[in-house]
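Peer 1: Turn this into a structure:
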Amino acid sequence: MTNMLIRLAATAIVLTITSPALAQDASPPAPATVDLGADRITIGVGPALVPSYTGSDQYILVPGIAVQGQVSGFAFDTAGSSLYVDAIKGHGGTGWKPQLGPLIAARLNRTTRIGDARVSALGELNTAWEVGVWGGMQRTGVVTSPYDTLSITASYQRDVGNAHRSYMISPSVSYSTPLSHKDYVSLSAGADYIGRGFGSYYFDISTVGAAASGLAAYDGADRAGWQDWNTNMLVAHSLTGDLTHGLTVFATAGHQRLLGRYARSPIVADAGSAGQWNGALGVAYTF
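Peer 2: Residues are numbered from 1 along each chain as shown. Next up is the predicted model:
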């Protein structure tokens, strides 16, 4: 899925990761009136308030755009600077569906707009160009209707450029349900496991960096481990048509908590915060 600045901004503007935002009334429509396998594209835009870097306690406002949809049964989703494609064709009905496909991403953590002057003095980092794979299982028709979805997924991505040269593994679970033809809610929870090169690149401070920034030198992040856990919530309301087409407004809120040796880095413990919030408002249009 899921640098944290870009991931949080992406979470704020993507209406759904793996399933269409379909809805029903107390009196469900006939099955023929809603085609889960129909082609669709949703474009969302909106400002998001996010931490200025992973571990920052200062927030910045960022714009964003995301595209999500499916064509001929193949789903795709952009999340900030990431692209996910489900290479397993959907059948467009209720039941279980396996998910598997490639992902590409550009991680922009601490490449620009670093809020804290001490962290900024450490210097800007390189963009991490990452490629990987994601997969999981999705159930459509869980509790509330034939259209609610439960997804359990995991992703693996590795830097193939000249940045951290390491990897991230991100398991997650999400539940999404329509409340009516016009209202929709989604909840998700996940975590990130990172390689030693990733931790060292973004959280360690060399003696030279310590002298330049005034922060203490730190080498405790040069190990693989769980970087964080995170939760997010999204609500959406259709202004025209219904959630299958037309204009929609949405709002999101999320929280991330850095863990262990990564939270103890002076970048976080002294210059930032282990707990971080994000939120956004936006509009989306579904074709």
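
Peer 1: Would you state the strands of this protein in chain order?
Peer 2: For the chain, the strands defined by DSSP state E occupy 40-45, 48-51, 59-62, 65-71, 74-79, 82-85, 95-107, 128-140, 149-159, 167-178, 183-194, 225-238, 246-258, 275-286.

Peer 1: Let's see the fifth one as CSV, backbone CA atoms only.
Peer 2: In this case it means strand 74-79. This file holds the C-alpha atoms of strand 74-79, laid out as CSV (Å, rounded to 0.1, in the frame of the first residue of the first chain):
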residue,chain,number,x,y,z
PHE,A,74,-8.9,-5.9,-13.7
ALA,A,75,-8.7,-3.4,-10.8
PHE,A,76,-6.1,-0.7,-10.3
ASP,A,77,-5.4,2.0,-7.7
THR,A,78,-3.1,4.9,-7.3
ALA,A,79,-2.1,5.9,-3.8
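
Peer 1: What are the buried residues along it?
Peer 2: 75-79 (16 or more other CB atoms under 10 Å). Placement of C-beta: from N, CA and C, glycine included.

Peer 1: What residues sit buried inside stretch 110-118?
Peer 2: 110-111, 114-116, 118.

Peer 1: just those now: which is nearest residue 58?
Peer 2: Among the buried residues of stretch 110-118, residue 115 lies closest to residue 58 (CB to CB), at 3.2 Å.

Peer 1: Pretty sure that closest one sits against residue 53.
Peer 2: Yes: counting by CB atoms under 8 Å, residue 53 is a contact partner of residue 115 at 7.0 Å.

Peer 1: Mean neighbour count, the strands of the chain: which tops it?
Peer 2: strand 48-51 (a mean of 22; mean count of other CB atoms under 10 Å).

Peer 1: what residues does stretch 258-267 touch?
Peer 2: 53-55, 119, 122, 194, 199, 202-205, 215-216, 218, 220-221, 223, 225-229, 257, 268-269, 274-276 (CB atoms under 8 Å, 6 or more residues apart in numbering).

Peer 1: coming back round to it: tell me the one among the buried residues of stretch 110-118 nearest to residue 99.
Peer 2: Comparing those against residue 99 with CB to CB places residue 111 closest, at 30.3 Å.

Peer 1: export the strands of the chain to a markdown table and tack on mean pLDDT and distance to residue 209?
Peer 2: A markdown table is the format used below for those (pLDDT from 0 to 100; distance: least, CB to CB, whole Å):
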| stretch | mean pLDDT | distance to residue 209 |
| --- | --- | --- |
| strand 40-45 | 90 | 37 |
| strand 48-51 | 92 | 20 |
| strand 59-62 | 93 | 22 |
| strand 65-71 | 86 | 34 |
| strand 74-79 | 86 | 31 |
| strand 82-85 | 93 | 28 |
| strand 95-107 | 95 | 20 |
| strand 128-140 | 96 | 19 |
| strand 149-159 | 97 | 20 |
| strand 167-178 | 96 | 23 |
| strand 183-194 | 96 | 20 |
| strand 225-238 | 95 | 20 |
| strand 246-258 | 94 | 19 |
| strand 275-286 | 93 | 22 |
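
Peer 1: okay if I get the ones you listed as TSV plus distance to residue 211?
Peer 2: Converted to TSV, the strands of the chain look like this (distance: least, CB to CB, whole Å):
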stretch	distance to residue 211
strand 40-45	43
strand 48-51	26
strand 59-62	27
strand 65-71	40
strand 74-79	38
strand 82-85	35
strand 95-107	27
strand 128-140	26
strand 149-159	27
strand 167-178	30
strand 183-194	27
strand 225-238	27
strand 246-258	25
strand 275-286	28
